Every structure is written in C-alpha cells, then in structure tokens.
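[1] Requesting a structural model of the entry that follows:
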Amino acid sequence: MLLLLLACAPDGGIAPTPDPDPWLDLAPVPLQVDRELLRTALPDAEAPTRLVSLPAAPLTAAFDPAAGVGWVLDGRYRHSPRTACVPTDLWPELDDGSRQGSCTVDQVEIHRGVLRGDAATVALAADPGDRAFLGLSADGVLWRAEADPLVGNPFDHLVPVPLATLDGVGAEGGLLASSGGGGVLAQGTRLRWLHPSGEVLAEAETAAPVQDIVWSFGNPYVLTTESLGRYGDGDIALDGAGGRMAADGEGGAWVTLPERGLLVRIDDVPSVVDQVEVEGLIGPVGAGGGVLVVATEEGLLFLEEGEEAHRTALPGIVDLVVQESGELAVLLDDGTVSVRVPEALQDDGRAPVSFTLTTYLENPKPTDSEPVCEEGEDSLRARFERAEANRQLLQDLPAEVALGIIPEVAEQAIACGRNPQLAKVWQGERISPGLFFYGEPESGTLEALEDWQAYATAQVSPLLLQGIPVRWYGGPERQIQWGGDWVRRVGTLGLAEDVLGIGLGVLPEIGSWDPRSKEAVPDDLRTPRTAWRPASTEDPLADGDSGLVIRPGVPTSFYTLGGCANAFIYECKQAGLGGGQVIDEQDLGVAELLLWRAVALRSEAGPDHIGFHLPALGLDDYTEGCIRDARVWHAVDAEAGCRAEVLQAWFFDLQARYVSAGLVQWWAPGSEQTR
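    Numbers count the residues shown, from 1 in each chain. Have a look, this model is predicted:
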C-alpha cells in the first residue's frame, strides 16, 4: 500500500496569484554600523558593575555586588529574577525530590535568572572553555554553575554547586577570571591560581592593586594600577592607571588607559603593538566578530584599523561585551542592557542564509471520538476558516512558507467533506506542504520494519490520497521513543528530503519529552546554521549519507520568543511562565537577533538555513481586527492593533534590509538547493 501511494504522489501544481506583490517596490534599507535590536531591564538590579558572557550559549550575566548576585540574561537576552515552580509530571524520572525548594510535591524550583550561592555573590566570572559560570560567595565558598544544556539533569542547569572554601574572602570579594575550568582570584594585590576543583594551586603578590583580568588563548593577563603582564608579572609599565581589558582574538589583549585617553593593544610577548588616542575614554572595551568598540563619556566608539569608524550617542555606559557574531551587549546605569548589532560588516560575499517561515495544521489532535465537522469554534469548518484567513496573510508576505499537516487533519477533512476547504489552505504561491509526523504506532513499537511500514503508511496516506504533495517532514525524531532507525527509514520514503523544526529532542539521550527538547540545534551559537545530512538516529548531528537533510531553525513559537525568560521553552509551557499569545516588539526583536546570528556566522558556501515557527494556523486568526488594501494589512482600530500588520511590516523590513543586500534569501523546502 505504501509503495502504491508513493507511486501516485502528485506534483502539486500551484496557480500564481494575479495581484502584484506589494514588496517589489520597497526601497532598500541601508545596513547600519550600530543598530539596537533589544533593550532588556534588570528590574531588581541595584548597581551592577560588570558583564561576563559565555559566547557558546550565549549567556550574559551582570554582576551586581550591591545586590550580591549575578543577574543572568538568557540566550535571547531575556531576564526574570523570579523563582518558579515547574511541574514534573511529564518528567518524573528527572525529579528525585531534592530540588523541590519552596515548591509543592512533584514540582522543582528554578531561578536561573539569579546566580547566588548560600551567601552573597562577591565575585563572578564566565568560563567560555568550560561553558560555566564561576562564582565566589561572601562566606568564602567558590562555586560553579553548569551552563551547558546537554550536561547533567536539566533542573540543575545554572544551579551553583560548591567546589571549595577559600580563606580571607569577606564581603569585599575581588576579581575572578576563569578558563578551562580553573581560574584566578585577585583581592587587592593578592593573586590565587585555582584548579577546576577549587584547590589553590599557587599564590602571588602584585606590586599594585589589580584592576582587571582577562584570558586570551590561554594567556592570563593581569592589569594593575601601575602595570600589565601575564600571571601577575609587571612586564609593561603603565604611565597612568589602567582601566579595562578585552581579548583581541589573537592571543593578546586590548587595554584602555582612561587617564591618558589611550587604547593600547598588546601581543602575546607581551609588548605594545598598537595604540589609539580616544577622546572621552572611560574604560570598557570589547572585541569580537570583526568589531572593536570602546565606551566613551558620550557613548560608543567603533574603530577600524586604528581609526574612528562610527560613534553612537549612548550615555551612561557601565560595561560592555562583544560576542563572536559581533553582537554587542551594553550595560547602562539605568539598570538596562542594550543589545546591538553591526549590520554593515556582513556584506562580505558569503552565501546568503536561507529563510523559511514554518506553520502547521496540527489541530484537532488524534482522538477516538467522532470529528466535530460543523458546529462550534472547535469544529473543523471553523478551524479551516481561520486557516483560510491566515493563508491570505501568508500570501501577502515575501517569505516562503512551509505548511506542516498532521495526518489527523487530513483524515478529518475527508470524513467531514472539507477537502476543498483544506485545499485552499495548502495550495498557492510560496507555500510548501509537508507531513508533520504525529500520533503513536498501533503496535506501540517501531523496532520491526513491518511495524514501521504500517506506521509510515498511516502517516502518509491521508495526505497523498487528497493530492497533497509532501515536500518536507516535521517531527520525525519523535519516532526515537518507539525504537528503530528513523533517519534511515524516513529517508527511504522518497517523498522529500528536507526536515524542518528540529530541536534538541533529535538527540537520543534527550528525546521528545525532555524539558530541553524544544531548544534549537546546533546548541552552540558560534556554529554556522549549515544544513547537514544526519548520519543515523544514534548520531543525528554528525554529517552522513542518509536521504534526509536537516535544516536548522528556531522551534520556539514566534510569540514566545520574547517571553519565557531564563527557562527552557518546554518548562515555560508546563509551568505557565509566560510567552504570550500576541506577537509584540520583544518577539520581533528576538527574532531579528536570532536571524542576525545566522547571518553573521554563516559559512562561506552554505547552505545555511533558519526557520521561524508561526503557530496555530487553524486556532488563531492573525487577521482579526484588520483590513486588507492592495494586499497590505492595517488595523481597523489603531489602539486594538492588528497582528497581520505587525507581521507583514517585519517581513517587509527583512526584504528591504537583508534580502535586498544579499544576506538572506527566501527558501522553499523541496527546492533545488541541496546539501
């Protein structure tokens, strides 16, 4: 039966729309040297003084000695200081009762927006090599907080774990720097070199108080009020007190000398190799992703080859960090963090990032009851009407759309005689239907080939019998829980090769029901979003020769991007921690940040890919409260707003800004671009 259905799979010809595309006449938007995408508040902050960052996550923490904590901004620069209780009924095997805290039975307590041990945090560092935060408490306890989502129990993510107790700490704390699991602690002129276990390996005294410490390619540079050197040796005398340092990406460091108005670069000898005069220099400096920036009294100064390139007015800078993508986080004295990107640096001849908007018809879910065809808001007729209204909006976006359909929806369309209505949703320009695997196999297992063939037939046939072409797959990794090699088997279907919407649940050690399953892959955000052919179910992130191509994307719902601060997305959903049902400026700002990272870190030849998930095509009417004029959407009532208008304006901006510059291209699953 499966072979017969595959032989009859349609080409799915689509008639073009007769109306002109409203984005064709958009004027290109010039790329900016410095563009703010987000502004995040730290509501409980008192007087944070420094930013430390883990670029792989990226997680950024604002150390606030006055409050005795580190305020964590998650990988989307979202922050919440709350303590939350997460139900563990979906994950009972992860809850042994030791993480209950102030919550009730069958719940765990999480507070990932705050880094604090049993006593006030008096020093804080980020260890990029070990993907962890290292902290020191006022009671002398040195602790480590794991920041790799793939390590250990997910409910221990970012929980400080004591390593050792150091003498002579107190409330004043000191400066802490970390690399490779170990670190160095500076208190005035006292230096202590620390083993990853927390053991003190060695001690030294500097001639003057330490002001800053930075690691660069394994070289620990120590800046005092009088000199600069490795391991605390005063190799370079300073005429004027030093300010701050940043690794230069070549084993050396950039050093600010505010009293002299100088920015100095040292190599790994160390010796001074460059210096630049900077008017109004105040201390903070950052480098990464081709960006070199310093803080001045007026704001930000960007430098290129020792010359001033751009100034941005941004008063009140306390500290800043630059990620490898070139994105910039700036801590301001009003307790906010400004997230900025250097768009103009990216027009460098690399292949563009392919962009796909994914959406789904995934309701009603499989059930034993008869389908509700006509009556009520939950009827199939009402769901398809909402999907039709949203489909009209999708037709008015420049993006290519991947529409995933679960078998149950197609089956109920047949049972209710709603095939023509369903066809209005999946047919048309710039839309690519796909099979979204959903439901359990009747046998309860997919170990045997015959069981998998029966399962595949049940999944595929409702779409093919209606002439719906399958151009991509969604959710095939859910088959992990029933056994068998889904990578090899799905690849043999021959309907499509592209797989979209994959999260960390693709990893066998995590699976579909883990709190981390909906987080994006690859999980190291310094990695290009290049498509790959998975080797096998056991090793799906390795490049292989299977018949599938995984296209990286953002599995998080569009209107959740700006919410769910400091929580895994699945946790957030279970605990009701926010995320909203309305796409707002924060969601769009985060979406643009994630797109920016894909653009900034893209590979030379590609194909690199990013997809965003517009949820609930049949549940939510994005055109409610809107009017459509010449295929442009507007709000009937400006105060009430129109989500279609917000979405379309954002996509028009992407078209005019990134697509017109050759940094992004709209891409349809099943097109000729292959890996």
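[2] How about the secondary structure of the residue sitting furthest away from the middle of the chain?
    Residue farthest from the centre of the chain, counting by Cα atoms, centre = their mean, is Ala207 at 43.7 Å. Under DSSP: H, G, I helix; E, B strand; the rest coil, Ala207 falls in the coil class.
[3] repeat for Arg478
    The three-state label given to Arg478 by three-state DSSP is helix.
[4] From Ile110, how far off is the residue lying closest to it once chain neighbours are set aside?
    Among residues not flanking Arg478 along the chain, Ser512 sits closest, at 4.8 Å (Cβ to Cβ, 6 or more residues apart in numbering). Glycine gets a C-beta too; all of them are placed from N, C-alpha and C. Using Cβ to Cβ, to the nearest Å, Ser512 is found at 21 Å from Ile110.
[5] Those two: who's more crowded?
    Ile110 (27 against 16; other Cβ atoms under 10 Å).
[6] The more buried one reaches Asp156, doesn't it?
    No - the pair Ile110 and Asp156 does not pass the contact test of Cβ atoms under 8 Å, sitting 9.8 Å apart.
[7] so for stretch 376-385, what's the average pLDDT?
    Averaging pLDDT along stretch 376-385 gives 94.
[8] Extract the C-alpha trace of that stretch and format it as PDB.
    This file holds the C-alpha atoms of stretch 376-385, laid out as PDB (Å, rounded to 0.1, in the frame of the first residue of the first chain):
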ATOM      1  CA  GLY A 376     -18.800  25.500  17.200                       C
ATOM      2  CA  GLU A 377     -15.500  27.300  17.300                       C
ATOM      3  CA  ASP A 378     -13.600  24.000  17.600                       C
ATOM      4  CA  SER A 379     -15.300  22.400  14.600                       C
ATOM      5  CA  LEU A 380     -13.200  21.500  11.500                       C
ATOM      6  CA  ARG A 381     -15.200  24.100   9.500                       C
ATOM      7  CA  ALA A 382     -14.300  26.900  11.900                       C
ATOM      8  CA  ARG A 383     -10.600  25.800  12.100                       C
ATOM      9  CA  PHE A 384     -10.300  25.800   8.300                       C
ATOM     10  CA  GLU A 385     -12.000  29.200   8.100                       C
END
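[9] can you pull out the strands in the stretch 351-500 of the chain?
    For the stretch 351-500 of the chain, the strands defined by DSSP state E, counting those that start in this stretch cover 353-361, 401-405, 431-436, 473-474, 498-500.
[10] Counting by contacts, list what the third one packs against.
    Pointing back at strand 431-436 there. Judged by 3 or more Cβ pairs under 8 Å, 6 or more residues apart in numbering; DSSP states H and E, the packing partners of strand 431-436 are helix 380-395, strand 401-405, helix 449-464, strand 473-474.
[11] Can you list the low-confidence ranges for the chain?
    The chain contains residues with pLDDT under 70 at 1-18, 232-234, 368, 672-675.
[12] ok, which stretches of it are helices?
    2-7, 380-395, 407-415, 419-426, 449-464, 486-491, 569-575, 585-600, 643-654 (DSSP state H).
[13] Any chance of a markdown table for the ones you listed, columns mean neighbour count and distance to Arg551?
    Below are these laid out as a markdown table (neighbours: other Cβ atoms under 10 Å; distance: least, Cβ to Cβ, whole Å):
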| stretch | mean neighbour count | distance to Arg551 |
| --- | --- | --- |
| helix 2-7 | 13 | 22 |
| helix 380-395 | 20 | 19 |
| helix 407-415 | 21 | 22 |
| helix 419-426 | 18 | 20 |
| helix 449-464 | 19 | 20 |
| helix 486-491 | 22 | 14 |
| helix 569-575 | 21 | 19 |
| helix 585-600 | 22 | 11 |
| helix 643-654 | 20 | 18 |
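[14] Can you convert those into JSON lines and add a column each for distance to Pro366?
    What follows is the helices of the chain, written out as JSON lines (distance: least, Cβ to Cβ, whole Å):
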{"stretch": "helix 2-7", "distance to Pro366": "19"}
{"stretch": "helix 380-395", "distance to Pro366": "14"}
{"stretch": "helix 407-415", "distance to Pro366": "5"}
{"stretch": "helix 419-426", "distance to Pro366": "17"}
{"stretch": "helix 449-464", "distance to Pro366": "10"}
{"stretch": "helix 486-491", "distance to Pro366": "19"}
{"stretch": "helix 569-575", "distance to Pro366": "20"}
{"stretch": "helix 585-600", "distance to Pro366": "30"}
{"stretch": "helix 643-654", "distance to Pro366": "29"}
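[15] And those helices: which comes nearest Gly183?
    Closest approach to Gly183 among the helices of the chain (Cβ to Cβ): helix 585-600, 27.8 Å.
[16] The closest one relative to helix 643-654, how many degrees between them?
    Interaxial angle, helix 585-600 versus helix 643-654 (axes from the mean of the first three to the mean of the last three Cα atoms, to 10 degrees): 30 degrees.
[17] For helix 585-600, name the packing helices and strands.
    strand 35-41, strand 336-341, strand 353-361, strand 608-614, helix 643-654.
[18] switch to 6 Å and redo it
    strand 35-41 (3 or more Cβ pairs under 6 Å, 6 or more residues apart in numbering; DSSP states H and E).
[19] about what we covered before: would you list the strands of the stretch 351-500 of the chain in TSV and tack on mean neighbour count and distance to Glu385?
    Converted to TSV, the strands of the stretch 351-500 of the chain look like this (neighbours: other Cβ under 10 Å; distance: least, Cβ to Cβ, whole Å):
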stretch	mean neighbour count	distance to Glu385
strand 353-361	25	13
strand 401-405	26	16
strand 431-436	26	18
strand 473-474	28	23
strand 498-500	26	26
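[20] Figure out which of those strands is closest to Phe384.
    Of all the strands of the stretch 351-500 of the chain, strand 353-361 comes closest under Cβ to Cβ, at 8.5 Å.
[21] That closest one pairs with which strands, and in what direction?
    Strand pairing for strand 353-361, determined by DSSP bridges: strand 401-405 (parallel), strand 608-614 (parallel), strand 664-666 (parallel).
[22] With Asp235 as the reference, name the closest of those.
    Asp235 lies closest to strand 608-614 among the strands paired with strand 353-361, at 42.4 Å (Cβ to Cβ).
[23] can you list the residues that contact the closest one?
    353-359, 500, 528-531, 551-554, 557-558, 595, 598, 602 (Cβ atoms under 6 Å, 6 or more residues apart in numbering).
[24] Show me the one of the helices and strands packed on strand 431-436 that comes nearest Ala575.
    Nearest to Ala575, of all the helices and strands packed on strand 431-436, is strand 473-474, at 25.4 Å by Cβ to Cβ.
[25] what does that closest one contact?
    404, 434-436, 496, 499-501.
[26] what's the answer for stretch 137-145, then?
    115, 117, 119-120, 122, 132-136, 158, 160-166, 169, 171, 198.
[27] Buried by neighbour count: which residues of it qualify?
    For stretch 137-145, a neighbour-count test (16 or more other Cβ atoms under 10 Å) marks 137-139, 141-145 as buried.
[28] So which of these is the closest to Gln648?
    Ala145 (41.7 Å).
[29] beta partners of the closest one?
    Beta bridges link Ala145 to Phe133, Pro160, judged by DSSP bridges.
[30] do you know how far it is from Phe568?
    The spacing between Ala145 and Phe568, counted by Cβ to Cβ, is 16 Å.
[31] One more: Leu422?
    Per Cβ to Cβ, Leu422 is found 34 Å from Phe568.
[32] again with Ser354
    To Phe568, Ser354 is 27 Å away according to Cβ to Cβ.
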